[in-house]
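> Build me a structure from this.
(chains A and B)
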Amino acid sequence: MAELATSAEDAAAAPRPASPWPRRLAILAIFAVLAAVPPVAAWLAQPFYVRLAMQIMIFGMAAISLDLILGYGGLVSLGHASYLGVAAYVVGILAYHVDNGGLLFGVIPGTDNAFIAWPTALLVCAAAALFIGAVSLRTSGAYFIMITLAFAQMIFFFFDSLPTYGGEYGLQISDLSWPMNAIGATGFYYFVLASLIVVAFLVQRIVGSRFGMVIRGARQNNQRLQAMGFPTFRYRLAAFVIAGVIAGYAGILLAEYQLFIDPTAMAWVRSAELIVMVAVGGAGTIYGSIVGAAIFVLLKLVVGSYTVHWELIFGPFFIAVVLGLRRGFFSLAFGSDRDG
Amino acid sequence: MLFVLEQSLNSLELGVMLFLIAAGLTLVFGIMNLINLAHGSFYMIGAYVGATVMMATHAFILALLAGMAATGIVGLLAETSLLRTLYARDPLDQVLVTFGLILFFNETTRIIWGSVPLPMDQPADLTGHVQIVPGFTYPSYRLVIIGVGVLVAVALYFLIGRTRIGMQIRAGASDRTMAGALGLDIRRLYTRVFAVGAALAALAGVMAAPLLAVQVGMGDSVFIQSLVCIVIGGIGSVRGAFIGAIITGFVETFSQSLLPATLAEMAIYVVMAAILYLRPQGLFATRG
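Below you'll find the model as predicted:
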């Protein structure tokens, strides 16, 4: 009931603009800016900008996957960074066995072939999300938050205590997977950008589909949907797995880009940061997640360059955005699919 | 046999520690419907204040009282200035705001006390060992911790189940509007419960300080463990938090000494998943 009331309140406060064009142009502008980063950075001789944009794209992708279940499904997962880390570790561990020999579990040889390593990583993520979702989706609300958090901790400690693969010190990856090592740094950048666009488009199609409508309906009134005959548990579980796989894909790209992975990539703080990105950008907007990731990465850089105590500014900033704006920046400008 | 006895005492010690933190967490959630991710910060603040007072005065009781009082006041301020506005908001907002609060508390602590871990002495009278059975001794300080934890558990049980204020707390939890209509000052009640919860976490923090390093972020990991306790026990139930904390204490301690490291770290979460699979609302659920 509370959720219904807030949605109605939001709708009254900010009616959605009639023309879809400002929103479309804004989305185009986001991608255009990201596409322009490598040449502009080269022109300014600031390769650092490319690294920033890369972080924004990868975290933006992970935040979009979270928006699917959080913004549209109303499922506040506080363990979403786990899939990022798990997929990155799968890629890293497979590459490790190429360099150092040996077999994973004594049977699986290593590989640095993306066509083998990436699908493996995504499959592992899907399995993890299926298991975690099957247990945690039996609950709702605060329970769901805490259980996803607990599972994330479990996965964190698993990798944190794996001495073979670096434990808490992390795992170095010697080179990008084939064929990513053949397309050069700029080629990889545009591959990540293309991935981001495909992921955003894919999620947009998902939330607009019949499947997406069931997910969104279950957020507003799960009981009513069940009474209408929809087995919402299965729909939600499917959405949870899809989101986990997309986050895993972002994790693969993170591993390839950093050539390093350590357990902090899946610490629960990272999961909370993903939620912050979604909320600051605007929940239920898909593209707002990219904006949220950009605000997060850039603000951390700017405030961090003035003071080491950047968290002192950051914490109150989130609080102000949540309490003051009540919605993220992208939804303020263009409305959210959560409205009405 | 001695191994089992020693590990059981260690389990109890960890269990009551977790209970002190979990009690406030579960009360705040069960009564005010608030998910407070920053609850672990109260444990940290208590430890810092306690260690500082201990260093200045060498009086452990004073350190305990000062830690609890200071943290209670911090909790009071946080509740009245910020968290009060969150009771009616959805869980997402609560997660975001209290996460922001963690960053704020951690960073403020770092500014005040610096990044170097703070040492704290054990109280001078309790540095010895007590013989429990012939040939087996146990540190008296750790026994005192177990005693204090059990004492608080019993006191809370009577406070909530048998006293007038406990009745008011339960009334406020089950129907806020009706309890308010009957003349109960709900706002003040909530603030008090919140401050007491913060002070209990600080009690755990001060008592734990001599046993481990007092450092920024020390509350974060213990917060997750206490979260596991209340999820196992059923959110909102103090009795559930106690049982959950004892289960967590035993599973953590015994798995650390019996299982390989990777499995040991995961054991409690496997237990939690199993319990939740069978009883999604925890062992002693108070709400549907």
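
> following the helix of greatest length in chain B, which helix or strand shows up next?
When chain B is parsed with DSSP state H, its longest helix is helix B:2-32. Sequence-wise, the next helix or strand downstream of helix B:2-32 (DSSP states H and E) is helix B:39-57.

> For the longest helix of chain B, what is the distance to the chain centroid?
Put simply, helix B:2-32 sits 8 Å off its chain's centre (C-alpha atoms, centre = their mean, to the nearest Å).

> Who are the packing partners of it?
If you count contacts as 3 or more C-beta pairs under 8 Å, 6 or more residues apart in numbering or on different chains; DSSP states H and E, helix B:2-32 packs onto helix B:39-57, strand B:129-133, strand B:136-139, helix B:140-162, helix B:164-174, helix B:186-208, helix B:218-233, helix B:238-258. In this view, the C-beta of every residue, glycine as well, is placed from N, C-alpha and C.

> Which residues in that helix does the neighbour count mark as buried?
By neighbour count with 16 or more other C-beta atoms under 10 Å in any protein chain shown, helix B:2-32 contains the buried residues B:6-7, B:9-32.

> Read off the pLDDT value for B:T98.
Note for B:T98: predicted pLDDT of 92.

> Ramachandran coordinates for the nearest residue to it once chain neighbours are set aside?
For B:T98, ignoring the flanking residues on the chain, the nearest one in space by C-beta to C-beta, 6 or more residues apart in numbering or on different chains is B:L37 at 4.1 Å. Dihedral pair for B:L37: phi -70, psi -20, per degrees, to the nearest 10.

> now B:L37: how far from A:I147?
Using C-beta to C-beta, to the nearest Å, B:L37 is found at 14 Å from A:I147.

> Chain A: helices as residue ranges?
Under DSSP H, chain A gives helices at A:2-13, A:21-44, A:48-67, A:81-100, A:114-136, A:141-160, A:184-208, A:210-227, A:232-258, A:268-281, A:288-306, A:310-320, A:329-334.

> show me what contacts the residue nearest to B:L14 when sequence neighbours are not counted?
Of all residues not flanking B:L14 in the chain, B:G249 sits nearest, at 4.0 Å (C-beta to C-beta, 6+ apart). By C-beta atoms under 8 Å, 6 or more residues apart in numbering or on different chains, the contact list for B:G249 reads B:S11, B:L12, B:E13, B:L14, B:G15, B:V16, B:M17, B:L18.

> Looking at those residues, which is nearest chain A?
Nearest to chain A among the contacts of B:G249, counting by C-beta to the nearest C-beta, is B:L18 at 13.6 Å.

> ok, that closest one touching B:V251?
No: assessed by C-beta atoms under 8 Å, B:L18 is found out of contact with B:V251, at 11.2 Å.

> any low-confidence regions in the stretch 151-300 of chain A?
Judged against pLDDT under 70, the stretch 151-300 of chain A has no low-scoring part.

> Up against chain B, what does it have?
Neighbours of chain B within the stretch 151-300 of chain A, by C-beta under 8 Å from any C-beta of the partner chain: A:151, A:153-154, A:157-158, A:160-163, A:268-269, A:272, A:275-276, A:279, A:283.

> From those, keep the buried residues only.
Neighbour-count burial (16+ other C-beta under 10 Å) is assigned, among those, to A:151, A:153-154, A:157-158, A:160-162, A:268, A:272, A:275-276, A:279, A:283.

> Please name the residues that touch the residue nearest to B:T98.
B:L37 makes contact with A:A272, B:V95, B:T98, B:F99, B:L101, B:I102, B:F223, according to C-beta under 8 Å, 6+ apart.

> and which of these is nearest to A:F31?
Taking C-beta to C-beta as the measure, A:F31 lies nearest A:A272 of those, at 27.1 Å.

> related to what we said a few turns ago, arrange the contacts of B:G249 in a markdown table, one row each, with pLDDT and distance to B:I235 as further columns.
Formatted as a markdown table, the contacts of B:G249 follow (pLDDT from 0 to 100; distance: C-beta to C-beta, whole Å):
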| residue | pLDDT | distance to B:I235 |
| --- | --- | --- |
| B:S11 | 94 | 23 |
| B:L12 | 94 | 23 |
| B:E13 | 93 | 24 |
| B:L14 | 93 | 21 |
| B:G15 | 95 | 18 |
| B:V16 | 95 | 20 |
| B:M17 | 94 | 19 |
| B:L18 | 95 | 15 |
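
> Nearest to A:W43 among the residues you listed?
B:L18 (56.5 Å).

> Please give me every residue in contact with the residue nearest to the closest one when sequence neighbours are not counted.
Nearest-residue entry for B:L18: B:A245, 4.1 Å, with adjacent residues in sequence omitted and distances by C-beta to C-beta, 6+ apart. B:A245 is in contact with B:G15, B:V16, B:M17, B:L18, B:F19, B:A22, B:S226, B:C229, B:G233, counting by C-beta under 8 Å, 6+ apart.

> 6 Å instead, please
B:A245 makes contact with B:G15, B:L18, B:F19, B:A22, B:C229, according to C-beta atoms under 6 Å, 6 or more residues apart in numbering or on different chains.

> of all the residues you listed, which two lie farthest apart?
Maximum pairwise distance among those (C-beta to C-beta): 9.8 Å, between B:G15 and B:A22.

> wait, which of the contacts of B:G249 is closest to A:A29?
Comparing the contacts of B:G249 against A:A29 with C-beta to C-beta places B:L18 closest, at 50.0 Å.

> Return the residues in contact with the residue nearest the centre of chain A.
Ranked by distance to the mean C-alpha position of chain A (C-alpha atoms, centre = their mean), the top residue is A:A62 at 1.4 Å. With contacts defined as C-beta under 6 Å, 6+ apart, the neighbours of A:A62 are A:L84, A:A247, A:A250, A:L274.

> Closest one to chain B out of those, please.
Nearest to chain B among the contacts of A:A62, counting by C-beta to the nearest C-beta, is A:L274 at 11.1 Å.

> How many residues are close by that closest one?
Neighbour count of A:L274, defined by other C-beta atoms under 10 Å in any protein chain shown: 28.

> would you list the helices and strands packed on helix B:2-32 in TSV and tack on mean pLDDT?
Supplementary listing: the helices and strands packed on helix B:2-32 in TSV, determined by pLDDT from 0 to 100:
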stretch	mean pLDDT
helix B:39-57	94
strand B:129-133	83
strand B:136-139	88
helix B:140-162	92
helix B:164-174	86
helix B:186-208	93
helix B:218-233	89
helix B:238-258	92
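
> closest one to A:F296 among these?
Per C-beta to C-beta, nearest to A:F296 of the helices and strands packed on helix B:2-32: helix B:218-233, 19.6 Å.

> Return the backbone torsion pair for A:I173.
In terms of degrees, to the nearest 10, the main-chain angles of A:I173 are phi -110, psi 130.

> Now it. Nearest residue, chain neighbours left out?
Computed as C-beta to C-beta, 6+ apart, the closest residue to A:I173 that is not its neighbour in sequence is A:L259, at 4.5 Å.

> Check B:M54 too.
With sequence-adjacent residues excluded and distances taken as C-beta to C-beta, 6+ apart, B:M54 is closest to B:A63, at 4.1 Å.

> and that neighbour, what element?
Following DSSP H and E, one finds B:A63 within helix B:60-81.

> No more questions from me, cheers.
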